[in-house]
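In: Give me the fold of what follows.
(chains A and B)
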Protein chains: 2
Amino acid sequence: MIGVLGPEGTFSEKAARRLSPGAEIRYFRDFEEVISAVEVGDADLGVVPLENSLEGSVGATLDSLLRHDVEIVGEINLRIRHCLLGRGGAEGVRVILSHPQALAQCRGYIKRRFPEAELRTTGSTSHAARLAQEFPEMAAIADAEAAGRYGLAVIERDVQDSDENVTRFAVVGRSAPAPTGRDKTSLALYLERTEPGALWEVLGEFATRGINLTKIESRPSRRALGDYYFFIDLEGHASDPQVKEALARIRERAAVTRVLGSYPRTD
Amino acid sequence: MIGVLGPEGTFSEKAARRLSPGAEIRYFRDFEEVISAVEVGDADLGVVPLENSLEGSVGATLDSLLRHDVEIVGEINLRIRHCLLGRGGAEGVRVILSHPQALAQCRGYIKRRFPEAELRTTGSTSHAARLAQEFPEMAAIADAEAAGRYGLAVIERDVQDSDENVTRFAVVGRSAPAPTGRDKTSLALYLERTEPGALWEVLGEFATRGINLTKIESRPSRRALGDYYFFIDLEGHASDPQVKEALARIRERAAVTRVLGSYPRTD
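Out: Numbering: from 1, shown residues only, chains lettered A, B, ... in the order given. As a prediction, this is how the structure comes out:
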């Protein structure tokens, strides 16, 4: 049973169905609930968005991964094509509803086509579609499939600001998969800000061992301005000798070195 | 005349008044309009939020700084204390309005105290306060001062998720200030993702010259997943010999090296 953000029709569910077409799906109210359900065994796996090519990291997911004892066991890249869904045509639209990430991915479109519209955030894109059923002046930004599910018309397709709109989802579980020879490892690092050059030294542990980084992203620690966690993805498994050695050296230096998971690469 | 996000009562205006208490203020609808007004001479200076200690970079500002020919000429750190403002008490609140950044800074509070409330995004915190005037079931998250200005009561004070809630504002102008001996330089870098270790090498140009970085933050390039701009702040002026030399070496290597400004440090 796979946990995802609900109600039915979210992009998380679409990613989960790509992972396992016949799996039973259970819906949760937010990403933290999905991750926490996996931790306590209420779901076998969870599928949550990690980052998007237009908007970057999904902060709520990264924060939850740090707080809960779960492992990233896989990844799924899904091309996101947003549609404007509603009961009528574009003329009557006064309110646009969606998840904050989806509104941000369509910021340019909304400003251009509906400069006067009121924007309301919802817990998910499909929740927006469900609400838009009730009022003709509301439109939702969601997946085309949500139109059929919630009895709405597709007012406009491909309203995301760029066709290069891809979301990377993490598959979250309780036990780490064995190395496949083509793996990726996700890390969270916290360096004391009082040490200049610390990030450079950490990156050097990877660079000098020929370990490729596929992502480096910073995220506020929420402690003070200019104080960050770094989220790093690298090619290799945490049990590979070179990666193991680099991590051991980094642990001597970083205040927090947390392996979020090693899992098969999709790209 | 200083341009800020309007209507009156935003935190941007508060930062601008700290910079220059008696200055004439002109209000714009979004950060891009503020920056573009400075570029074409419709405002002498602009004050826009750059980053927040809880939520990180303000993407819309960074994107606009890359698109317009302006200089960061100063910075202002402002402690942000959000209040819940409304016409009545907490009991009647069904809808919470605010700027997306403010809603995110109060995410935990809203979830705890108003789990069922509908969230609507507005162009600014003061815009939310102006709207909340009209309907008793609406409350706005905004500065306490906006309560007086828009005839609202303070329902609850300090509703941000952490008291370490500081926003760093950039002062934007058309001409670079002269070095003061205690300056900071802001850069945007774009590295080809096909070059592993490129970020490490770039950071090395600073580390080996003893140049301290006060910030490094990544932001999606909006071209592809895993493709980033890096926003770096360093201690020193772009005309300092060491900084100049490091920048020259980085320019040979990075696809884009853009100095956003050198300006006096506040901390």
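In: my guess is A:Ile155 meets A:Arg87, correct?
Out: No - the criterion here is C-beta atoms under 8 Å, and A:Ile155 misses it with A:Arg87 at 9.4 Å. From N, CA and C alone the C-beta is placed, and that goes for glycine too.
In: residue ranges of the helices in chain A, please?
Out: A:11-19, A:31-40, A:59-67, A:100-105, A:107-113, A:125-132, A:144-150, A:198-207, A:241-251 (DSSP state H).
In: got those helices as a markdown table, with mean neighbour count and mean pLDDT columns?
Out: What follows is these, written out as a markdown table (neighbours: other C-beta atoms under 10 Å in any protein chain shown; pLDDT from 0 to 100):
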| stretch | mean neighbour count | mean pLDDT |
| --- | --- | --- |
| helix A:11-19 | 21 | 97 |
| helix A:31-40 | 21 | 97 |
| helix A:59-67 | 19 | 91 |
| helix A:100-105 | 22 | 91 |
| helix A:107-113 | 15 | 93 |
| helix A:125-132 | 26 | 94 |
| helix A:144-150 | 18 | 94 |
| helix A:198-207 | 21 | 90 |
| helix A:241-251 | 16 | 96 |
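In: got TSV for these, with distance to chain B too?
Out: What follows is the helices of chain A, written out as TSV (distance: least, C-beta to the nearest C-beta, whole Å):
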stretch	distance to chain B
helix A:11-19	14
helix A:31-40	9
helix A:59-67	7
helix A:100-105	6
helix A:107-113	8
helix A:125-132	9
helix A:144-150	18
helix A:198-207	4
helix A:241-251	12
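In: how far does stretch A:126-144 stretch from start to finish?
Out: This stretch, stretch A:126-144, spans 10 Å end to end (C-alpha to C-alpha, to the nearest Å).
In: ditto for stretch A:109-128
Out: 18 Å.
In: Check stretch A:67-81 too.
Out: With C-alpha to C-alpha as the measure, the first residue of stretch A:67-81 is 31 Å from its last.
In: now it, how far from the chain's geometric center?
Out: 7 Å (C-alpha atoms, centre = their mean, to the nearest Å).
In: rewinding a little: now for the helices of chain A, which one comes closest to B:Arg209?
Out: helix A:198-207 (11.6 Å; C-beta to C-beta).
In: Show me how the record splits chain A into domains.
Out: With domains defined by automatic domain parsing, chain A comprises A:2-79+A:166-173, A:83-156, A:183-264.
In: TSV for these, including distance to B:Cys83?
Out: Formatted as TSV, those follow (distance: least, C-beta to C-beta, whole Å):
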stretch	distance to B:Cys83
domain A:2-79+A:166-173	23
domain A:83-156	20
domain A:183-264	20
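In: Would you map the strands across the stretch 151-267 of chain A?
Out: Along the stretch 151-267 of chain A, counting by DSSP state E, counting those that start in this stretch, strands occupy A:153-156, A:166-173, A:183-190, A:213-220, A:228-235, A:256-264.
In: Near A:Thr167, how many other residues are there?
Out: 24 (other C-beta atoms under 10 Å in any protein chain shown).
In: correction: A:Thr122
Out: If you count neighbours by other C-beta under 10 Å, A:Thr122 ends up with 23.
In: Look up the closest residue to it, ignoring the ones flanking it.
Out: A:Ala128 (4.3 Å; C-beta to C-beta, 6 or more residues apart in numbering or on different chains).
In: for the strands of the stretch 151-267 of chain A, which one ends up most surrounded?
Out: Compared across the strands of the stretch 151-267 of chain A, strand A:166-173 shows the largest average neighbour count, a mean of 24 (mean count of other C-beta atoms under 10 Å in any protein chain shown).
In: Give the rounded mean pLDDT of it.
Out: Throughout strand A:166-173, pLDDT has a mean value of 97.
In: From the contact counts, what lies against that strand?
Out: Counting contacts by 3 or more C-beta pairs under 8 Å, 6 or more residues apart in numbering or on different chains; DSSP states H and E, strand A:166-173 packs against helix A:11-19, helix A:31-40, strand A:45-52, helix A:59-67, strand A:71-79.
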